[in-house]
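# test case, fold it:
(one chain, ligands or ions: 2)
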Amino acid sequence: MLLTNLKAATMQHGYGLIEDAAILIEDGKIAWVGPRAEAPAAAHPYNCQGRLVTPGLIDCHTHLVYGGNRANEFEMRLGGIAYAEIAKSGGGIASTVRATRSQSDGQLVAAALKRLDTLLVEGITTIEIKSGYGLDVRTEMKMLRVARELGKLRPVDVVTSYLGAHALPPEYHDNREGYLKLVCEEAIPAIATQKLADAVDAFCEKIAFTVEETARVFNTARGYNLPVKLHAEQLSNLGGAKMAASFHALSVDHVEYLDDDGIEAIAKSGTVAVLLPGAFYYLKETQQPPVAALRRAGVPMAIATDLNPGSSPIHSLLTTMNMACLLFGLRPEEALRGVTVNAAKALGLADRGMLAAGQKADLAFWDAERPGDLCYPIGFNPLSAVMRNGKLVRGSLT
Ligand code: DI6
Ligand code: FE
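Ligands and ions are numbered 1, 2, ... in the order given. Here you go, the predicted structure:
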């Protein structure tokens, strides 16, 4: 199939824009992309009416599967009570853990599908989903199973992360050692054996786990050949990113408080910095991630929704791109790279995120003049169609 009359943001360098492009698709992959004038001959070229095409978008950090909601905490925070304060008094993550444990696979699937469908209308073709609201082995595995199931029910690739070290569960409140043993000696072995997780994540923060505890979890993950990633330096600088770099982490996420030492470490290890402006916005944080220093150090930056019921109930990756520009000072080009090529990198996926020969034919088509236009509106969706593995799965190209 030859698609012609396209404006292609290939993302090979910067936007990698080709004004009058054609894309040849074979066996679900991009076989050729370039200027229309140089396109290989095709019996029935398909005219895409001058639309903008980008790689399918990638949301590389979400907590999409969970039970209940935390709208009450939103009101509490508006009344002046801090996120960490609510967490300490039994709310926060612990409240979502109670709700998630009590729900069946079917209930979790139904609730998650509603959220997933909201994301997918914006051209997402790959999504990462974390566990971390079960904390016991049974519920963590249930969350990961549900996440995998979503990928069978909708035209999207689901990548899963085991986030057992998200919070100390209530039944272990005076036994940190016991919980870490559960994570390292029971959960990770079981999850690895059943291939339920593609990576291991942790929350390294004063209200969660220390650098040493997190390193122990990462050591175990390494023993099972599972790549790691980390929620790091979100509310304070503990040095988690530097430790994660020593494990060649795929990504360190949030990183508002990341310091020069941490930047140097992740630059060397090739770790992606995943920026999560939704959480920054909802928690009314003021410390911005060190974008200028990350840029100078050549650290790839990705952007994700962090969709979760507590700190980031945002269901729009396009809005997140807008926020990354306005709240963190990213350029629209960096924002688009953040949800395509760099988001793929944050997930360790080399087969997507760009329009180039050999890449998966996951494409998003837009009624937009220029790629930067995707960052400009809030609440307006210029998507016209989505192709996944070379097949039209949403909208139309006519
Ligand atoms: N950081 C986050 O942004 C989410 N988890 C984490 O470690 C928030 C989790 C929640 O509040 O439910
Ligand atoms: Fe998160």
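
# so which bits of the stretch 201-350 of the chain are right by ligand 1?
203, 231, 279, 306, 308-312 (C-beta under 6 Å from any ligand atom). In this view, the C-beta of every residue, glycine as well, is placed from N, C-alpha and C.

# who are the packing partners of the worst-scoring helix or strand of the chain on mean pLDDT?
Among the helices and strands of the chain, helix 83-88 carries the lowest confidence by mean pLDDT, DSSP states H and E, at a mean of 88. Applying 3 or more C-beta pairs under 8 Å, 6 or more residues apart in numbering; DSSP states H and E, one finds that helix 83-88 contacts helix 71-78.

# dump the helix it packs on to CSV, restricted to CA.
Only the C-alpha atoms of helix 71-78 are listed here, as CSV (Å, rounded to 0.1, in the frame of the first residue of the first chain):
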residue,chain,number,x,y,z
ALA,A,71,-12.2,12.8,43.9
ASN,A,72,-12.6,13.4,47.6
GLU,A,73,-8.8,13.9,47.9
PHE,A,74,-8.9,16.5,45.1
GLU,A,75,-11.3,18.5,47.3
MET,A,76,-9.2,18.0,50.4
ARG,A,77,-6.1,19.3,48.5
LEU,A,78,-8.1,22.3,47.3
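
# is that helix anywhere near ligand 1?
No - Helix 71-78 is not in contact with ligand 1 by C-beta under 6 Å from any ligand atom; minimum separation 8.3 Å.

# gap between that helix and the chain center?
25 Å (C-alpha atoms, centre = their mean, to the nearest Å).

# what is that helix packed up against?
The contact analysis (3+ C-beta pairs under 8 Å, 6+ apart) places helix 71-78 against helix 83-88.

# which residues does the helix it packs on contact?
The contact list for helix 83-88 (C-beta atoms under 8 Å, 6 or more residues apart in numbering) reads 73, 76-77, 92-94, 167, 206-207, 235, 283, 310-311.

# who does whichever helix or strand comes after the least confident helix or strand of the chain touch, helix- and strand-wise?
Next along the chain after helix 83-88, taking DSSP states H and E as the criterion, comes helix 93-101. If you count contacts as 3+ C-beta pairs under 8 Å, 6+ apart, helix 93-101 packs onto helix 137-153.

# try it again at 10 Å.
Applying 3 or more C-beta pairs under 10 Å, 6 or more residues apart in numbering; DSSP states H and E, one finds that helix 93-101 contacts helix 71-78, helix 83-88, helix 105-120, helix 137-153.

# worst mean pLDDT among the ones you listed?
Sorting those by mean pLDDT places helix 83-88 lowest, at a mean of 88.

# does ligand 1 have contacts with it?
No - on the criterion C-beta under 6 Å from any ligand atom, helix 83-88 is out of touch with ligand 1, staying 7.2 Å away.

# check which residues of that helix are buried.
Residues of helix 83-88 classed as buried by neighbour count (16 or more other C-beta atoms under 10 Å): 83, 86-87.

# report pLDDT for the residue of the stretch 201-350 of the chain at minimum distance from ligand 1.
Residue nearest to ligand 1 within the stretch 201-350 of the chain (C-beta to the nearest ligand atom): residue 310, separated by 2.4 Å. Confidence at residue 310, expressed as pLDDT, is 95.

# who's in contact with residue 398?
Residue 398 is in contact with 46-49, 384-385, counting by C-beta atoms under 10 Å, 6 or more residues apart in numbering.

# ok, residue 50 next?
5-7, 19-20, 367, 369.

# tell me which of the residues of the stretch 201-350 of the chain next to ligand 1 fall in helices.
residue 279 (DSSP state H).

# out of the residues of the stretch 201-350 of the chain next to ligand 1, who has the most neighbours?
residue 231 (31 neighbours; other C-beta atoms under 10 Å).

# next, count neighbours for the residue in the stretch 1-150 of the chain that ligand 1 sits nearest to.
Proximity of the stretch 1-150 of the chain to ligand 1 (C-beta to the nearest ligand atom) peaks at residue 93, 4.6 Å away. Residues within reach of residue 93, counting by other C-beta under 10 Å, total 26.

# equivalent analysis for residue 245, please.
Residue 245 has 22 nearby residues by other C-beta under 10 Å.

# dihedrals phi and psi, the most centrally placed residue in the chain?
Most central in the chain under C-alpha atoms, centre = their mean is residue 60, positioned 1.7 Å from the mean C-alpha point. Main-chain torsions, residue 60, degrees, to the nearest 10: phi -90, psi 10.
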